[in-house]
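Undergrad: got a predicted structure here, sequence first:
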Amino acid sequence: MYEVNRYGYHFSLLGFWKFYLLALVSIFIISMIYQLQLPYILAVSIFSLFLSPFIILNTYKNMYQQKRFQDVTNYLEQLLYSFRKGPKILSSLQDTLAVFPEGQMHDHILMVMDAIQNKPLEESGDLYRDAFSAMEEAYGCRRLRQAHEFLIKVESFGGEFSGAIDILLEDRRLWIERVYELEKDRSNLKVKITISLALSFLICGLTMFMLPKDFQTLHNGLSQAATMSLIISNIIIWYIGQKKLSVNWLNDLEENREEIKRCYDRVMKHNPKKERKKSFIMAGLCMMIGASGIILQNIPVTIIGASAVIYALMQPGMGLKMAKKRMVREVDKAFPVWIMEISLLLQTDNPQVALTKSVDRAPYVLQESLQKLVSEMEKNPAAIDPYLGFMTEFDLPDVQSFLRMLYSMSESGSEDFKKQIIFMVERNNRLLDKSERIINEDKTAGTGMLVLIPMVTGSLKMMTDLGVFLMSLLSLTQGM
C-alpha cells in the first residue's frame with residue numbers, strides 16, 4: 001500500500017482484507033445464483049485478489065486528484081485576494097499559508113517563501129520564477145502558472161492590476177463550476193456502466209432459469225466456463241470504466257506537438273498538384289493489381305485492387321479534410337487559453353505589444369500562426385490585413401471574430417478599450433466552457449462504449465447456453 005501512502009492517505013493491510021472480503025461476498029452471491037462450481041469460484045476469487053490493489057489505488061488516486069484541485073483553487077483565491085490588499089508576493093504567501101495548516105500545499109508554500117527569503121544575492125537572477133517553479137511543476141496547472149506570472153509582473157514593474165485580478169478570480173469561479181459539472185457527468189456515466197453490468201447478470205440469469213429443469217445448462221462444463229468468463233469480463237469492464245473516468249481534475253491542456261505539426265503542415269503547405277500526382281501513381285499501381293485479378297479470374301484480388309484504386313484517388317482530399325478537422329478541434333481547445341493570456345496582458349499593454357508578448361506563452365497549436373501575425377503586423381502596424389488573415393485556412397469563426405475585435409481595440413479610446421476587454425473576457429468564458437468540455441471528451445474518449453459492452457458479453461453467455469441447450473435437446477431426441 002506504499003502508493004496509497006504516497007498520495008497522502010493511510011490504508012492498512014487490514015483495510016485491504018476487509019475490501020477483499022466484501023468483494024468475495026459479492027462473488028459468492030453471484031456464484032450461488034449461477035450455481036458456479038468450486039474451481040470456477042476459486043478462479044474468479046484469485047482474479048479479484050489480483051485486481052483488488054489496482055481498484056483500491058484508483059479510488060485513492062481519484063480522491064488525491066480531487067484534493068489537489070481543491071488545494072489549487074483555495075490557494076489561488078487567497079493569494080489573489082491578499083495580493084489585492086497589498087501587491088507584495090511574500091506577504092500574500094504568508095496570508096495564504098494560514099489557509100493550509102498542513103499538507104502538500106502547505107509544504108510547497110513554505111518552500112516558495114524559503115526560496116524567496118534565503119536565496120543568495122548572486123543567484124537571485126529570476127528570483128520569483130525560480131521560487132514558484134517547483135510548485136508549478138508539482139501541480140502542472142496552467143492557471144497556477146498564469147497567476148504567478150501576473151503577480152511577478154506587477155511586483156517587478158507595477159501598474160494597474162485590480163482589473164486583471166478580477167479576471168483571474170472570475171475565471172477561477174467559472175472553472176470550479178465547470179469542473180464539478182463535468183465530474184457529475186463522469187459520475188453519472190460510472191452509474192450507467194454499473195447498471196449495465198447488473199442488467200447483464202440479471203438477463204443471463206433469468207434466461208437460464210426460464211428453461212425447463214431437465215434442460216437447464218447450469219452444471220454443464222462449457223456453461224460454467226462461460227459464466228466464469230462473464231463474471232471476470234464484467235469485473236474488468238467495471239474497473240476500466242472507473243479508471244478511465246478518474247481523470248486529472250486540474251484538467252490542463254495536453255498537446256501532441258508532433259501530430260499538431262504534421263496536421264498544420266499538411267494544411268498550410270498543401271500542394272494540390274504534387275498530391276494529385278502521387279495519387280495517380282498509387283492508383284496506377286493498384287489498377288495493375290486489379291487487372292491481374294481479372295486476368296487470373298481471382299475475384300478477391302480484383303475487389304482489393306479496385307478498392308485500393310478508389311482509396312488512392314480519394315486519399316488526398318480525405319487526408320486534407322481530416323487534418324483540417326483535427327486542427328479545428330485543437331484550436332478550439334487552445335484558443336480560449338490564449339485569449340485569457342491576452343486579456344491579462346491588455347491590462348497594462350496595448351494590443352500590438354500584448355500580441356507580441358503572448359507568442360511564447362501561447363499553446364503550441366497557435367504559435368506559428370501568431371509569429372506570422374506579429375511579423376506582418378510589425379511591417380504594417382495600422383493595417384487590418386494581418387488580423388483578417390489569421391488562420392483563414394480553417395473554419396474558425398470565433399477566432400476570426402476575436403482578431404477583428406483586437407484590431408478595433410487598438411483603434412479605440414481608453415474608455416471603449418476597457419469595455420471591450422470586459423466583453424472579450426465574458427465571451428471567452430463561453431469558449432473556455434466549450435474548450436474544457438472537448439478536453440474532457442478527449443480524456444474519456446470511448447468510455448461511453450463501456451455501457452454497451454456488458455450487453456455483448458451477456459449475449460455471448462446466452463449464445464453459449466443456447467448452444468449447450470440445443471446439443472442436449474439433440475442428444476435427447478437421438479436417444480429416443
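TA: Yep, that arrived.

Undergrad: so where's the stretch 251-400 of the chain uncertain?
TA: 251-255, 270-277, 280, 283, 290, 311-317 (pLDDT under 70).

Undergrad: what about residue 141, neighbour count?
TA: 22 (other Cβ atoms under 10 Å). No exception for glycine: its C-beta is placed from N, CA and C like everyone else's.

Undergrad: distance check, it against residue 443.
TA: 15 Å (Cβ to Cβ, to the nearest Å).

Undergrad: and residue 433, by the same measure?
TA: For residue 433, the distance to residue 443 - Cβ to Cβ - is 16 Å.

Undergrad: ditto for residue 194
TA: Look at residue 194 and residue 443: by Cβ to Cβ, they are 20 Å apart.

Undergrad: strands along this structure, start to end?
TA: Using DSSP state E, no strands are found in the chain.

Undergrad: now do the contacts for residue 377.
TA: 352, 355, 383, 386-387 (Cβ atoms under 8 Å, 6 or more residues apart in numbering).

Undergrad: also residue 265?
TA: Contacts of residue 265 (Cβ under 8 Å, 6+ apart): none.

Undergrad: again with residue 82
TA: By Cβ under 8 Å, 6+ apart, the contact set of residue 82 is 91-92, 95-96.

Undergrad: would you mind measuring from the nearest residue to residue 73 once chain neighbours are set aside to residue 222?
TA: In space, not counting the residues next to it along the chain, residue 73 is nearest to residue 176; the distance is 5.6 Å by Cβ to Cβ, 6 or more residues apart in numbering. From residue 176 over to residue 222 the distance is 54 Å, taken as Cβ to Cβ.

Undergrad: for residue 147, same thing?
TA: Taken as Cβ to Cβ, the span from residue 147 to residue 222 is 62 Å.

Undergrad: residues contacting residue 397?
TA: Residue 397 makes contact with no residue, according to Cβ under 8 Å, 6+ apart.

Undergrad: quick one: low-confidence residue ranges for the stretch 1-150 of the chain.
TA: Within the stretch 1-150 of the chain, the stretches with pLDDT under 70 are 1-13, 15-16, 120-125.

Undergrad: got the contact list for stretch 45-54?
TA: Contacts for stretch 45-54 (Cβ under 8 Å, 6+ apart): 1, 16, 19-20, 23-24, 27, 232, 235-236, 239, 243.

Undergrad: ok, which stretches of the stretch 151-300 of the chain are helices?
TA: For the stretch 151-300 of the chain, helices defined by DSSP state H, counting those that start in this stretch occupy the ranges 162-210, 221-244, 257-268, 272-295, 299-345.

Undergrad: can you put these in CSV and add distance to residue 77?
TA: Shown next, in CSV, are those (distance: least, Cβ to Cβ, whole Å):
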stretch, distance to residue 77
helix 162-210, 6
helix 221-244, 31
helix 257-268, 33
helix 272-295, 53
helix 299-345, 17
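
Undergrad: the domain parsing of the protein - what is it?
TA: Split into domains by the TED database, the chain comes to 10-157, 257-325, 328-444.

Undergrad: picking that back up, of all the helices of the stretch 151-300 of the chain, which one is nearest residue 38?
TA: Among the helices of the stretch 151-300 of the chain, helix 221-244 comes nearest to residue 38, with 10.5 Å by Cβ to Cβ.

Undergrad: and that closest one, what does it pack against?
TA: Counting contacts by 3 or more Cβ pairs under 8 Å, 6 or more residues apart in numbering; DSSP states H and E, helix 221-244 packs against helix 13-33, helix 38-85, helix 162-210, helix 453-479.

Undergrad: and those: which comes nearest residue 336?
TA: helix 162-210 (10.0 Å).

Undergrad: and the closest one, how far from the chain's centre?
TA: A distance of 14 Å separates the centroid of the chain from that of helix 162-210, by Cα atoms, centre = their mean, to the nearest Å.

Undergrad: and what of stretch 18-33?
TA: Using Cα atoms, centre = their mean, the offset of stretch 18-33 from its chain centre is 34 Å.

Undergrad: so what's residue 88 up against?
TA: Counting by Cβ under 8 Å, 6+ apart, residue 88 makes contact with residue 155.

Undergrad: buried members of the contacts of residue 82 into ChimeraX, please.
TA: Restricted to buried positions by 16 or more other Cβ atoms under 10 Å, the ChimeraX selection for the contacts of residue 82 reads:
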select :92,96
